[in-house]
Every structure is written in C-alpha cells, then in structure tokens.
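Engineer: have a look at this fold, sequence not included:
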C-alpha cells in the first residue's frame, strides 16, 4: 500500500518574501534516531525584537500557512494497531490551577467503526464569536475558559515571508507550552521557523491578554528529518509575556492532554482558518477571515497511512472544512466550560488530500497522539521558564 506524498505548501515555497531581523542558525538536539525522538531550536532573538517585528501591518499581511496537501493513490483498509504504551492523561485548568497528570494502563480495544455510519465524515461547524449579539454577550465569550487558551500563531519562514497558524496553551509543568503543528514549527527544506508570536483569544485584530514570544521550539525527528505526516507535531515553550508578564498558562489557563487512548472519539476542532473556503460545497456561514475562532465538531471517521509505512502510527481522519491558517488548531475531547479531566488535547489540524471526489476539502487529518506526542510534550515542559 503506497501513497504519493506531495507537501503542496502552495504560496510558501514558490512565493519569496522578506524576513526582517529574523534569520538565525537553529540548534538541533537529536536525542535518538527514532521518529518519536525530539528535535529543538533555541530561539536566539530577544523577545523585544520579535514583538517589535510584529507590527499591526505585518500581522494583517501574514498569509495563512497552507495545509500540506497529499495525493491519494490508494485506500487504507487495515485496522490500526492498538496503543503502544500506557495512557497519559493530564487535566485542563484556568489561571492558578495546578497542571497535574497521571499514567494509566492501556485499554484493549476492538476495531473502530465510523460513529456516523453511512456518512462517516459528517460534521458541524460554527463561528464562536459573532461580531454582534444580544447586549454584547456573545462578544465576550471568547475571553472565557476554555476558549481563551486557543489562539492565533504568527511566524516567519526564513526566506519565504510571514504566516499564521493556530495553537493552544496546553498542560505543562512550566505552564508555558503552546501546541501546534510540526509544519508551523519546522519547514522541510528550510529549517526551523522564527519570529513566533502567540496571541490567545485574538478576535478581529484585538489581543485581549497580550502576546507571547518563544524561547524554544520543538518538533519530532520524524517530521524534521523525514517529513512524515504521522509525526507532524510541534510544541513551543513561551517566554513570560502578556499584559502581566506571566506565563501563558498562568494568564489564560491550559487545555488538558491525553495520548495512547482509543481512536473512537468525538472532537471539537478549534482554529483560525484564513484561506477562503468553497462556499458552494461547504456548510453555510461567513467566509473565513483569520480573525475569528471557528469550531468544527466531528467524530472519528477513518484511519490513514499517508507515508505508506506500516511502522508509523496511522493518522486519524474526521470531517471538517477549515482551511489554511487552521494548522495546529487543537482537537479537543470532553469539551467543557470547567477544568479537570476535561478539554483534553488529542490531535491537531495537520493535512488533507487533493481532489474533489469524494470532496476532500471536507476532510481533515491529525497524527495519532501516541508515544511521539508524549515525548514532545515532555521535552517542552522540562524547559525552565524564565
């Protein structure tokens, strides 16, 4: 079983740009040779330089990071392997809550089946924060937990310009980790991206809690050295910042985290898509603009093996029509307005396929959160801040 993998980063590798005061020589630390290993870059620019770089004009002009588009040549029918290690589960919480985690014995599961039967890629999608609402109530929801932990990620790809992705503050011992996609952290053929700036709860150009710059960036060896979609995950350790010069977790809170669990889940998919969507084939609603928090809700629909290598954990596919700019947007299970063993990060927007039949623009895929995701989070949360 083979797939033709083409990382169509349209507008990224073909359109040149200027990255002012952003080029650095990343420091890679390769702990081991496996795809689950972690690679990192220490961001050497001073936080003040990055903050000064991101003027209102540059934020406005930053392009949506294209979702990698893969060419489909075959269908996968084999069942995915069960989790390879113990289940990890960590709580979500607001500012001041303690990040806790526990390890549990892995569960034995049978074959997964689409929860929506004959149309497994069913989904709904809505905009969280309308521009108007009853007495303005709807306009303030985006400042509430857990929505406020999700935000827009600005970055520069050396030699190619400025882009936007999505990300979220996640449970971590240092209260300073933002999770996103690997291709938002590291560009194949280029290296580590730079000028990272995270703006949680951003809406219509406003950053109500301020912004955070990056101290150290992490991705997996499988993505950095082999461009494997199954390992396309990234984690960023943030400097102190925001309006109160605190950690991002102490300011807005954090999502929980879980890995090595059943693939049979129901997710809320959050992000800031900015690339236009096809209004003729996607659900009704306003056009994406990159300045509003959009949400899909969908259940497990399929497993996928984009690399064609059965040694890699199969990815997870669901229905969702969010576009470029949603890369790294968190997939959250047990979504709730309260913290605890709720709001668990268990995937992120990563790639889709080309082609109209069936409509591939209505499908979205994430790496399965297994040992690689656990290693990545562990490496990032071990970094001392400040």
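Structural biologist: Okay, I see it. Because the structure is predicted, anything quoted here is derived from the model rather than measured.
Engineer: in the protein, where is pLDDT below threshold?
Structural biologist: Scanning the chain for pLDDT under 70 picks out 1-33, 73-78, 107-119, 129-139, 356-358.
Engineer: go with 50
Structural biologist: The chain contains residues with pLDDT under 50 at 1-32, 117-118, 135.
Engineer: in it, which spans are helices?
Structural biologist: Remark: helices assigned in the chain by DSSP state H are 47-53, 56-61, 137-140, 182-185, 221-224, 248-252, 371-381.
Engineer: most tightly packed of those?
Structural biologist: Ranked by mean neighbour count under mean count of other CB atoms under 10 Å, those are led by helix 182-185, which reaches a mean of 30. C-beta here means a position set from N, CA and C on the backbone, and glycine is covered the same way.
Engineer: check contacts around the residue nearest the centre of the chain.
Structural biologist: Among the residues of the chain, the one closest to the centroid is residue 328, at 1.7 Å (CA atoms, centre = their mean). Residue 328 is in contact with 153, 165, 166, 167, 179, 180, 181, 184, 234, 271, 348, 349, counting by CB atoms under 8 Å, 6 or more residues apart in numbering.
Engineer: among the residues you listed, list the two that are farthest apart in space.
Structural biologist: Between any two of the contacts of residue 328, the greatest separation by CB to CB is 14.3 Å, found for 234 and 271.
Engineer: what is the neighbour count of residue 225?
Structural biologist: 18 (other CB atoms under 10 Å).
Engineer: cool, residue 141 as well?
Structural biologist: 16.
Engineer: hmm, it is touching residue 128, no?
Structural biologist: Yes - the criterion here is CB atoms under 8 Å, and residue 141 meets it with residue 128 at 6.6 Å.
Engineer: what do these two both touch?
Structural biologist: Contact criterion CB under 8 Å, 6+ apart; residues shared by residue 141 and residue 128: residue 147.
Engineer: ok, back up a step: turn the helices of the chain into a markdown table, including distance to residue 275.
Structural biologist: Below are these laid out as a markdown table (distance: least, CB to CB, whole Å):
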| stretch | distance to residue 275 |
| --- | --- |
| helix 47-53 | 23 |
| helix 56-61 | 14 |
| helix 137-140 | 25 |
| helix 182-185 | 14 |
| helix 221-224 | 22 |
| helix 248-252 | 26 |
| helix 371-381 | 26 |
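Engineer: looking at the ones you listed, spot the one closest to residue 104.
Structural biologist: The minimum distance between residue 104 and the helices of the chain falls on helix 371-381, with 12.8 Å, by CB to CB.
Engineer: looking at the contacts of residue 328, which are in strands?
Structural biologist: 153, 165, 166, 167, 179, 180, 181, 234, 271, 348 (DSSP state E).
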